[in-house]
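[1] Return a 3D structure for these sequence lines:
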Amino acid sequence: MTQRAQYQRLDRPSAFDNKKDGVQNLLPPENKLSSFIGRVIRTILFVGAFLYIAKITHFREKILHDVRINRKFLYMFYFSSSVFIVFYLYMVITLRWLRPANRKIPVDKWDQASPKCLYTAAGFMVLSVLCFIFALWPTFQIMTFVLGILGFMSLIFVMQWIPF
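    The predicted structure follows:
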């Protein structure tokens, strides 16, 4: 039978430690101006790429007039996206806006504060993605994924500018 070595925890800080609050910081300090410029450039690139792809695929005209679009799935996409937005706004209003400054719940803790609402919203988001794919696949085929990813990322990058 072998015995395991006993290890001791060193509580005294070393001269080589670069730790703040118990977490080692290997990255240089963030420059606020370069971070802001990076956010602006990413937003412009993703929105521009989405608009360009939507233009060359005639996205708007096909959504409105093409008979190959599966309208049932398209309407289910509209409905499930709307329900997701309603649940998300409910969580933003109840967990962030209506609370005093010292009681606001950070976004990464929403799953603990309101789990049913968050998981229901996530379910409707997954349903909306699936309906989007099923509705547009007969017309756009593989470009459905490109349009969906660019559209979603554009939405995320534009929403970062809305103050919550």
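
[2] Quick check: buried residues in stretch 39-47?
    Across stretch 39-47, burial judged by 16 or more other C-beta atoms under 10 Å covers 43, 46, 47. C-beta here means a position set from N, CA and C on the backbone, and glycine is covered the same way.

[3] For stretch 36-55, what is the distance to the chain centroid?
    Between the centre of stretch 36-55 and the centre of its chain there are 16 Å (C-alpha atoms, centre = their mean, to the nearest Å).

[4] what's the answer for stretch 134-153, then?
    Offset of stretch 134-153 from its chain centre (C-alpha atoms, centre = their mean): 18 Å.

[5] same thing with stretch 47-65?
    Relative to the centre of its chain, stretch 47-65 is centred 22 Å away, using C-alpha atoms, centre = their mean.

[6] Could you export that stretch as CSV, CA atoms only?
    Output of stretch 47-65 as CSV, limited to C-alpha atoms (Å, rounded to 0.1, in the frame of the first residue of the first chain):
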residue,chain,number,x,y,z
VAL,A,47,-23.8,44.6,-38.8
GLY,A,48,-22.1,45.4,-42.1
ALA,A,49,-21.5,41.7,-42.9
PHE,A,50,-25.2,40.9,-42.1
LEU,A,51,-26.5,43.7,-44.3
TYR,A,52,-24.2,42.7,-47.1
ILE,A,53,-25.2,39.1,-47.0
ALA,A,54,-28.9,40.0,-46.7
LYS,A,55,-28.5,42.3,-49.7
ILE,A,56,-26.8,39.7,-52.0
THR,A,57,-29.3,37.0,-51.0
HIS,A,58,-32.3,39.3,-51.5
PHE,A,59,-33.4,38.4,-48.0
ARG,A,60,-36.2,40.9,-47.6
GLU,A,61,-37.8,40.2,-50.9
LYS,A,62,-37.7,36.4,-50.4
ILE,A,63,-39.1,36.6,-46.9
LEU,A,64,-42.0,38.7,-48.1
HIS,A,65,-42.8,37.0,-51.5
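
[7] pLDDT on that stretch, on average?
    Averaging pLDDT along stretch 47-65 yields 96.
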